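# need coordinates for the following:
(one chain, ligands or ions: 1)
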Amino acid sequence: MSSPSIIRTNTADLYDAHVLKNYARAPMTLVRGRGAQVWDDAGNAYLDFTSGIAVSSLGHCHPHWVAAIQRQAGELIHTSNLFRHPNQGELARRLVGYAGPGRVFFCNSGGEADEGMIKLSRLHGVAKSGVEGKCIKVIVAKNAFHGRMFGGMSATPQEKIQKGFRPLVPGFAVAELNNLQSFAEQMDEDTTAVLVESIQGESGINPCTTEFLVGLRKLCDERKVLLLIDEVQCGLGRTGTFYAFEAAGIRPDAIAMAKGLGGGFPIGAIWIADRFADLFQPGSHGSTFGGTPLACAAGLAVLDVIERENLLEKVRQQSVGWHAGLQQLAAEFPAQLAEVRGRGYLVGLQLTSDPAPYIAALRERGLLVVSSGNNVIRVLPPLTATPDELSRSVEILRAVLVAKA
Ligand SMILES: *Cc1c(COP(=O)(O)O)cnc(C)c1O
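Predicted coordinates:
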């Protein structure tokens, strides 16, 4: 008798036959990971600087995280939100510790977190204007990305994402990123919220300037408009502060989180400032799977490791030398690498041409990275990356730039 685990079917054939074709996938099949390394089914090792698109923030299979999930899986995995569980209460307490006085709602993804914030904007609009359906305008930034659900997709002013799905949810207006005047011009009495990413992730690593975020905070306060920040990609330590907006010294009215929060286990969350948290009342929002004991165990383990291993400080310190190495490449290969952007371990390499051949060449030399926006390569090391792994990534990039010069 053969056990199912030794039946060898070609994985690529299975995908070709049965999986929806909505992704262009890399050619290899990954089967194992440890720290910043992953291995494919032919035994090749790669330095994984995709981190599952900013998700596997502790690298792969961090022992503390694995133990926490294993322990919780043997105890209680799911209860629904009809009951309390210590893990959800504790994770909320710890996120409030980072975000400030407020309350947390748990869900399962970034898209679901953004959806919750957009629903908060509608409730605020009703409170502000006294009628439903009038004060619904949310101002978003050009090239923003807020997920694939109907609210978030409607808040994502990109043709490639909206095409084929109209009519969209009404009420979204677009302004220029880092242009306060442009946001001010869009603001009227029917405006309920501003929604921005502290650093745009999907459209090429475009950071909000400090002046812009400080200005937005002031403008939103003056106009009684919510400042909603999407930290799904840039949050949870990736930039060397827990939230990326901390660099500007502001506090939003709500924060969407997901990707790095579970370290690879699906979990999303929104934090809402005390002043607005009671807009949600029993029955007004929910999520069957949101904040399960297991998901929250994963989230707690991520925060444990970030704190115990001092990862925020490490990202800040180690990114200095790493960025210097990347900037050096831009200086050496200006015809190919026009600019290095970003903060901490959220870095965009602005190429002068299509990044696809570069990404393939990097993969062949053992470095995995992600494309982003307009001719940009996104480099997303796990927060646990060692100085040696960071310099190896620079050397592999150098080899590929030389080969393609
Ligand atoms: C990835 C991402 C989302 C969507 O998250 P999903 O978990 O894929 O639904 C939303 N906003 C930002 C900024 C993201 O990077």
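# what residue lies at the spatial centre of the protein?
Centroid-nearest residue in the chain: Gln233, 1.6 Å away (criterion: CA atoms, centre = their mean).
# quick check: pLDDT value at that residue.
Looking at Gln233, its pLDDT reads 98.
# how about it: what's its closest non-neighbour residue?
Gly201 (3.5 Å; CB to CB, 6 or more residues apart in numbering). (Each C-beta comes from the backbone N, C-alpha and C, glycine too.)
# cool, Ser80 as well?
Nearest one to Ser80, counting by CB to CB, 6+ apart, is Thr288 at 6.2 Å.
# wait, doesn't that neighbour sit right on Leu82?
No: in this structure, Thr288 is not within contact of Leu82 by CB atoms under 8 Å, at 9.9 Å.
# out of these two, which sits in the busier spot?
Set side by side, Thr288 and Leu82 show more neighbours around Thr288, with 11 against 6, by other CB atoms under 10 Å.
# can I assume the more buried one sits in a helix?
No: counting by DSSP: H, G, I helix; E, B strand; the rest coil, Thr288 is not found in a helix; it is coil.
# contacts only, for the residue nearest to Gln233.
By CB atoms under 8 Å, 6 or more residues apart in numbering, the contact set of Gly201 is Ala54, Phe145, Val232, Gln233, Cys234, Leu346, Ser372, Arg378.
# Glu202 too?
Here Glu202 is in contact with Phe145, Gln233, Ser372, Gly373 (CB under 8 Å, 6+ apart).
# spatially nearest residue to the last one (excluding sequence neighbours)?
Yep, that's Gly373 we're talking about. Nearest to Gly373 is Gly204, by CB to CB, 6+ apart, at 2.6 Å.
# from Asp41, how far out is that neighbour?
With distances taken as CB to CB, to the nearest Å, Gly204 is found 32 Å from Asp41.
# kindly report the same for Gly344.
Taking CB to CB as the measure, Gly344 falls 32 Å from Asp41.
# of those two, who's got more company?
Higher neighbour count among Gly344 and Asp41: Gly344, with 25 against 13, using other CB under 10 Å.
# tell me if the residue nearest to the centre of the chain really is in a helix.
No: using three-state DSSP, the secondary structure at Gln233 is coil, not a helix.
# ranges for the strands of the stretch 151-300 of the chain?
Listed in chain order, the strands of the stretch 151-300 of the chain (DSSP state E, counting those that start in this stretch) span 172-175, 191-197, 199-200, 206-207, 226-230, 254-257, 268-273.
# and those as JSON lines, adding mean neighbour count?
JSON lines is the format used below for the strands of the stretch 151-300 of the chain (neighbours: other CB atoms under 10 Å):
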{"stretch": "strand 172-175", "mean neighbour count": "19"}
{"stretch": "strand 191-197", "mean neighbour count": "26"}
{"stretch": "strand 199-200", "mean neighbour count": "24"}
{"stretch": "strand 206-207", "mean neighbour count": "22"}
{"stretch": "strand 226-230", "mean neighbour count": "28"}
{"stretch": "strand 254-257", "mean neighbour count": "29"}
{"stretch": "strand 268-273", "mean neighbour count": "26"}
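# can you lay out those strands as JSON lines showing distance to Leu213?
As requested, those are exported to JSON lines (distance: least, CB to CB, whole Å):
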{"stretch": "strand 172-175", "distance to Leu213": "14"}
{"stretch": "strand 191-197", "distance to Leu213": "8"}
{"stretch": "strand 199-200", "distance to Leu213": "11"}
{"stretch": "strand 206-207", "distance to Leu213": "10"}
{"stretch": "strand 226-230", "distance to Leu213": "9"}
{"stretch": "strand 254-257", "distance to Leu213": "13"}
{"stretch": "strand 268-273", "distance to Leu213": "16"}
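# can you lay out those as TSV showing mean pLDDT?
Output for the strands of the stretch 151-300 of the chain, formatted as TSV (pLDDT from 0 to 100):
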stretch	mean pLDDT
strand 172-175	98
strand 191-197	99
strand 199-200	98
strand 206-207	98
strand 226-230	99
strand 254-257	99
strand 268-273	99
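# using CSV, lay out those together with distance to the ligand.
Formatted as CSV, these follow (distance: least, CB to the nearest ligand atom, whole Å):
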stretch, distance to the ligand
strand 172-175, 14
strand 191-197, 5
strand 199-200, 7
strand 206-207, 11
strand 226-230, 5
strand 254-257, 7
strand 268-273, 6
